Each structure stands twice: as structure tokens, then as C-alpha cells.
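Visitor: quick check, what structure comes out for this input:
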Amino acid sequence: MIRRIYPASSRRNELYPRVVEALRAAGHLVHDWRENDLNWQEVDPDHASWTCANYVAALFAPVADRKFRANRAAINWADTCVLILPCGRDAHAEFGYAAGLGKRTLVLLDAEHRGTPDLMHRFACDFINDIDALLAALTRRTDVSVRA
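Guide: Alright, predicted model coming up:
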């Protein structure tokens, strides 16, 4: 079964490009948000010194709004969201949005899963720990309901 996949992760995650490549090689349709990634320098080169009001205004700047809408549309299009750890707040928000829409959600754990545990990963339908296991999980028919 060919899936439409939104891989949520960090631009700093070195595994992300390999996951996208493997998913595409397996025939899945994959949205690569790196093609639409927002560099906050585009909004304001002085973004490191924003106040709360500057931050909120920047979220609605035209370039930020376009990129937000494109990524939201891609999550809406997808039938599956894969959270590729480690990652940050944006990826977790994308994962939560996908789960709230009833999409199939999987968490690809990082090799040594260190760091702070995240309770809301329980929204995941499945947990996997490598690319081969991810590809196998995508071939299984799975109920998208959250684990109880």
C-alpha cells in the first residue's frame, strides 16, 4: 500500500534525509518540508532579540504565513505522520495536529533514545527504532486509534 507521508522532524536531524529517501524508494509519496522550510532571517534578521509581541507578529508575517499554510496543507494531505526523533517543538506540534486529525502516527525513536521522555508520544499508533522497521510498519494495516 502506497502511503502519503508527512515526516516531522528537525532540520538538524541527520537521519531525516535518509528516511525521506528510503520512503520514496519504497514508493511512498513524501512531503519534504525542507523544500518549504522557513528561515526566520527571512522574516527579521534580528529575530534573536524579539519581544513577545515581535514573535507573535512574525508568526503572521507574509512569508511565515505562506510556509505555515503549505505545511498545514501537507499534513492535511498526508494519511501518515512520522515523527523522527530527535526533534523540536514544531515537529511535535505537527505530530499533535496530525494525531488530532485522526492520521496514522508513528514515532521513529532515535538510536539511543536519550533525553527527556515525552508523554504525549502516546498519541502514536506505533513506535519503531530504525528505517527498516518503519518501512515494515507502513505495510501493515493498522487501526489509527491511539494506544490506550
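Visitor: okay, CA-based contacts and neighbour counts for the rest of this
Guide: Will do.
Visitor: for stretch 80-92, buried residues please.
Guide: For stretch 80-92, the neighbour count (16 or more other C-alpha atoms under 10 Å) marks 80-87, 91-92 as buried.
Visitor: in the protein, where's the longest helix?
Guide: helix 62-77 (DSSP state H).
Visitor: who does the helix or strand just after that helix pair with, and is each partner parallel or antiparallel?
Guide: Counting by DSSP states H and E, the element after helix 62-77 in chain order, helix or strand, is strand 80-84. Here strand 80-84 has these sheet partners by DSSP bridges: strand 4-8 (parallel), strand 104-108 (parallel).
Visitor: which SSE is immediately downstream of the last one?
Guide: Read in the C-terminal direction, the helix or strand following strand 104-108 is strand 126-128, with elements assigned using DSSP H and E.
Visitor: now for that following strand, which elements pack on it?
Guide: With contacts defined as 3 or more C-alpha pairs under 8 Å, 6 or more residues apart in numbering; DSSP states H and E, strand 126-128 has these neighbours: strand 104-108, helix 131-139.
Visitor: tell me the bridge partners for the closest residue to Asp126 other than its chain neighbours.
Guide: Leaving aside its sequence neighbours, Asp126 sits nearest to Leu106 (C-alpha to C-alpha, 6 or more residues apart in numbering; 4.9 Å). Listed by DSSP bridges, the beta-bridge partners for Leu106 are Val82, Asp126.
Visitor: contacting residues around Leu106?
Guide: The contact partners of Leu106, taken as C-alpha atoms under 8 Å, 6 or more residues apart in numbering, are 80-83, 124-128.
Visitor: what of Leu109?
Guide: By C-alpha under 8 Å, 6+ apart, the residues touching Leu109 are 84-86, 127-130.
Visitor: kindly reformat these as a markdown table containing pLDDT.
Guide: Formatted as a markdown table, the contacts of Leu109 follow (pLDDT from 0 to 100):
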| residue | pLDDT |
| --- | --- |
| Ile84 | 96 |
| Leu85 | 93 |
| Pro86 | 91 |
| Phe127 | 91 |
| Ile128 | 92 |
| Asn129 | 90 |
| Asp130 | 93 |
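Visitor: how far does stretch 69-88 sit from its chain's centre?
Guide: Stretch 69-88 sits 4 Å away from the centroid of its parent chain (C-alpha atoms, centre = their mean, to the nearest Å).
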